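Asker: Structure here, sequence nowhere to be found:
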């Protein structure tokens, strides 16, 4: 008798526990599916009582749960005033834990009267691809094993011009090894997508301006320099003057989101107005591949630079500058660069030198402003001759801040500190030259039309040297018109 009582008690306990694990059929109102959590949270603000469920590829926004479809329909009519894309889906809940999730049952074509597939096809044939996409999306949420819906979903994305998303969906279908004809059609779509994603863009800027410089010749303010016991006079006659300048920058990008080839052309020209000589003329050409790996990209441009001074072809430079970019988040970017360059002075071979080094930059973009820091180290080594002013080490550190007052007006400030240490001593002085250079740039940009801007720039440059003949200060004021295309 005692054994029977124990077995009866155990059976009652077992049945009681199993009742807690039962599932109850419910109805939920689906307010949409979103690829990004931020978008789902934004939609949640419209219907505060809703909740977000994370799926494998997206986020689902659901509203409450109802014991019968009639109650769900009453709430759906009220929600439709705020959310147009809302509809009822079946969901289940544990009695013991109130845990909701979207059902993943297979379609029963005999009992399921809501046929999203045929309705979506009608919209697709009419060219209403957005409505078709919404219905295919509903079908895939309710019946994720419907491979035909997945295929039509990818085709609809393609028709909408969402090529990246379409390719992603097509590749998912390929991964489950569909029939050969389906596979052939998908590969045809992917080939077309790759062709459409191949970018071939030209863009650039053109600038015309006028500048005022209070020290064109970089003259020192110190009148006397003592060299080996002799007092020598420095040239302190600062040449002030206006000059016009012309800038043209052209860029070409050819490739897709993973691999591209980028080329650039840049020229800067100064035309003196108050002197009989021309100013600085600068020309640079570069080209190289860009390989992207998600948030990381590698760029290896190779180029040539040629410069003229006072109308004479002075320097010819060959360089290679590999760059590693890391986008750590949507608003921050980290860049590391290296440089090798060979500069040949066409007027004096003793001024020719090689340059090796590297730099870094970190930028953070916020709602209205951009902040960045940068630094670098470079070493110049002369190729021949006994000149003391060629071989040196350069250390750089700087910061930049850009603030957008509005869509049309922005302000930029950039500070750069440079430390130059020359490697060869002057035998008469007993020490080598060392320079400290401070540069401050302030710029205001005002957009007058979509592609047209006016720029007002002030530049302060102060070079302090232990050999005072090389110490100087200069202020430059510039006014420019810029056209972007």
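Answerer: Great, that's in hand. Remember, it's a predicted structure, so these values are computed and weren't measured experimentally.
Asker: What's the local residue count around residue 473?
Answerer: Residues within reach of residue 473, counting by other C-beta atoms under 10 Å, total 17. All C-beta atoms are positioned from the backbone trio N, CA, C, and that covers glycine.
Asker: contacting residues around it?
Answerer: The neighbourhood of residue 473, defined by C-beta atoms under 8 Å, 6 or more residues apart in numbering, consists of 215, 221, 460, 461, 462, 463.
Asker: now with 6 Å?
Answerer: residue 462 (C-beta atoms under 6 Å, 6 or more residues apart in numbering).
Asker: before we move on, could you check phi and psi at the closest residue to residue 166 other than its chain neighbours?
Answerer: Residue nearest to residue 166 in three dimensions, not counting chain neighbours: residue 157, with 3.8 Å by C-beta to C-beta, 6 or more residues apart in numbering. Here is the backbone geometry of residue 157 (degrees, to the nearest 10): phi -60, psi -40.
Asker: so residue 157 makes contact with residue 165?
Answerer: Yes. Under the contact definition of C-beta atoms under 6 Å, residue 157 touches residue 165, with a separation of 5.0 Å.
Asker: Next SSE downstream of the element among helices and strands of the chain having the smallest mean pLDDT?
Answerer: Here the helix or strand of the chain ranked lowest by mean pLDDT, DSSP states H and E is strand 100-102, holding a mean of 30. Moving toward the C-terminus from strand 100-102, the first helix or strand encountered (DSSP states H and E) is helix 116-126.
Asker: Show me which positions of the helix or strand just after that next one end up buried.
Answerer: Heading C-terminal from helix 116-126, the first helix or strand you meet, by DSSP H and E, is helix 129-142. When neighbours are counted by 16 or more other C-beta atoms under 10 Å, the buried residues of helix 129-142 are found to be 129, 131-142.
Asker: of all those, which comes closest to residue 312?
Answerer: Among those, residue 129 lies closest to residue 312 (C-beta to C-beta), at 62.9 Å.
Asker: Now do the buried residues in stretch 242-258.
Answerer: Of the residues in stretch 242-258, 243, 245, 247, 249, 250, 252, 255 count as buried by neighbour count, 16+ other C-beta under 10 Å.
Asker: what pLDDT, on average, does it get?
Answerer: Predicted confidence along stretch 242-258 averages 90 (mean pLDDT).
Asker: And for residue 54, the neighbour number?
Answerer: A count of nearby residues for residue 54, using other C-beta under 10 Å, gives 10.
Asker: Kindly state the beta-bridge partners for it.
Answerer: In this structure, residue 54 bridges to residue 59 when assessed by DSSP bridges.
Asker: and the gap between it and residue 144?
Answerer: According to C-beta to C-beta, to the nearest Å, residue 54 and residue 144 sit 15 Å apart.
Asker: can you check residue 405 too?
Answerer: Residue 405 sits 49 Å away from residue 144, going by C-beta to C-beta.
Asker: now do residue 73
Answerer: For residue 73, the distance to residue 144 - C-beta to C-beta - is 25 Å.
Asker: who's more crowded, these two?
Answerer: residue 144 (17 against 13).
Asker: Just the pLDDT at that one, thanks.
Answerer: Reported pLDDT for residue 144: 80.
Asker: would it count as being in a helix?
Answerer: No. Remark: residue 144 does not belong to a helix; assigned using DSSP: H, G, I helix; E, B strand; the rest coil, it is coil.
Asker: the more surrounded of residue 157 and residue 165?
Answerer: Shown here are residue 157 and residue 165; by other C-beta under 10 Å, residue 157 has more neighbours (22 against 15).
Asker: And the pLDDT at the more buried one?
Answerer: The predicted structure scores residue 157 at 88 on the pLDDT scale.
Asker: Repeat that for residue 471.
Answerer: Note for residue 471: predicted pLDDT of 91.
Asker: residues in contact with it?
Answerer: Taking C-beta under 6 Å, 6+ apart as the contact definition, residue 471 lies against 220, 464, 465.
Asker: can you give me the strands for the stretch 251-400 of the chain?
Answerer: Assignment of strands within the stretch 251-400 of the chain using DSSP state E, counting those that start in this stretch yields the ranges 259-272, 280-293, 296-299, 302-309, 312-320, 323-326, 332-345, 353-365, 369-382, 392-404.
Asker: so which of the ones you listed gets nearest residue 205?
Answerer: Comparing the strands of the stretch 251-400 of the chain by their distance to residue 205 (C-beta to C-beta), the top pick is strand 259-272, with 9.7 Å.
Asker: Return the set of buried residues in that closest one.
Answerer: Applying a neighbour-count criterion of 16+ other C-beta under 10 Å, the buried positions in strand 259-272 are 260, 262, 263, 264, 265, 266, 268, 269, 270, 272.
Asker: which one is the first one nearest to, not counting chain neighbours?
Answerer: Put plainly, it is residue 260. residue 290 (4.7 Å).
Asker: quick one: that neighbour and residue 124, what's the gap?
Answerer: Taking C-beta to C-beta as the criterion, residue 290 is separated from residue 124 by 37 Å.
Asker: before we move on, the earlier item: any chance of a markdown table for the buried residues of helix 129-142, columns distance to residue 181?
Answerer: As requested, the buried residues of helix 129-142 are arranged in a markdown table below (distance: C-beta to C-beta, whole Å):
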| residue | distance to residue 181 |
| --- | --- |
| 129 | 24 |
| 131 | 28 |
| 132 | 22 |
| 133 | 24 |
| 134 | 28 |
| 135 | 25 |
| 136 | 21 |
| 137 | 25 |
| 138 | 27 |
| 139 | 22 |
| 140 | 22 |
| 141 | 27 |
| 142 | 27 |
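Asker: Which two of those have the greatest separation?
Answerer: Greatest spatial distance in these: 129 and 142, 20.4 Å, computed using C-beta to C-beta.
Asker: I'd like the strands of the stretch 251-400 of the chain as TSV, with distance to residue 186 appended.
Answerer: Converted to TSV, the strands of the stretch 251-400 of the chain look like this (distance: least, C-beta to C-beta, whole Å):
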stretch	distance to residue 186
strand 259-272	22
strand 280-293	24
strand 296-299	28
strand 302-309	39
strand 312-320	41
strand 323-326	33
strand 332-345	35
strand 353-365	38
strand 369-382	42
strand 392-404	44
